[in-house]
Structure formats: structure tokens, C-alpha cells
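[1] Predicted model, plus sequence, below.
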Amino acid sequence: MARANLSSSSIDDDLVIDSPPPATQPINKEQLKLKFKLAVIDDIENQKGREVKEKTDEIKSLLSKRTDRFTVVAHGVTKPHVATSNEAQQSREQITELIKEPVKSQSLTVPPDMWSDRYRQLSYLGVTVTFVDLHLHFRKFTLCCRSFPVELTKAGENISEVKIFNSVRN
């Protein structure tokens, strides 16, 4: 990473180059702490409960924001990361609460939504809920999204053939 040297004796063209250490050089626990600024598992017993919870929440938040979800493999079974599952469940519960009233008053739309990624040559099909809440705020949520076969035309009969939900919950 390059950054400008801003000391008073520097010339505008001077750059300080930070080069990473060679890959073969071992990194000790203290260097890891400084690099990632997170609690190392061995140090959890030395921290207060509130600090551990804050760090845990930060890690959950970071993991839930990633698009390529991590999985944990135990005994040959791949399981979604617990933080991702918890965040997803919280989002589902929040959206469920938000759409209860519009569902009762039949004042929401649930259209299919399609878009293409021309760079990767992929198409996507999603289901979006839109409504105006009691405080007159426009709300829009994408409930689900999956890839759409590129070889199919984006016509109604092809869209209706695609299975989006694995199951419908009451």
C-alpha cells in the first residue's frame, strides 16, 4: 500500500511504500492482535463480559454483511455459520412484523423482479415486496433471489416454471 509522506521536510513526489512481510515469515499472536484488532480466542478469559459481547456482535455483523457466506464443516457435514443464521432469522422476523399490517389490509404488491449481470453472463429472478406503511414511508424488500437460466427467454411461461421457494411457511 502506498501513502504520501506528509512530514514537513518531504517533497510532493516522495512516497513511503509499506511492503508486506514475506509469506514464509511466521506471525506471532501479538502481531495478529495488532493486525486484526480483534480479541484472540486465548484472551477471552482476560476480558470483561461486555467487551466479549461487543466483539462477538461486531464479528456477527461483519459475517452477516458478506455476500459469500462462510460455512463450517464438521464431521463431513457443511453447516451455515451460526452468526449468518441468526442475522438472517432476525431479518426475517423484522420483515414479517413490518408486512403484517399491509397483508391484512391487502395493500402490498409482490411482483417478480428480474435483472442481468452482463459481465458474468448471469440472470437473476427475485421476489420483491413493496408497500407504503402507516407513516406513509415507501418500503421495498427483496424476499428471495436465485439465478435464472440464461438460455430461457424472460417470458411469463418461463418465469412461472422456476421454483423460487423451497417451502412456504405460514
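    Looks like it arrived, so ask away.

[2] Would it be right to say that Pro102 lies in a helix?
    Yes. Assessed with DSSP: H, G, I helix; E, B strand; the rest coil, Pro102 lies in a helix.

[3] other SSEs contacting the helix or strand harbouring Ile99?
    Here Ile99, judged by DSSP states H and E, is contained in helix 82-104. Here helix 82-104 is seen to pack against helix 49-65, strand 122-132, strand 138-148 when contacts are counted using 3 or more C-beta pairs under 8 Å, 6 or more residues apart in numbering; DSSP states H and E. Glycine gets a C-beta too; all of them are placed from N, C-alpha and C.

[4] Which residues does Phe141 form beta bridges with?
    Beta-bridge pairing of Phe141 under DSSP bridges involves Val129.

[5] Which pLDDT value goes with it?
    Looking at Phe141, its pLDDT reads 84.

[6] mind listing what it touches?
    When contacts are counted by C-beta atoms under 8 Å, 6 or more residues apart in numbering, Phe141 touches Ile95, Leu98, Ile99, Thr128, Val129, Thr130.
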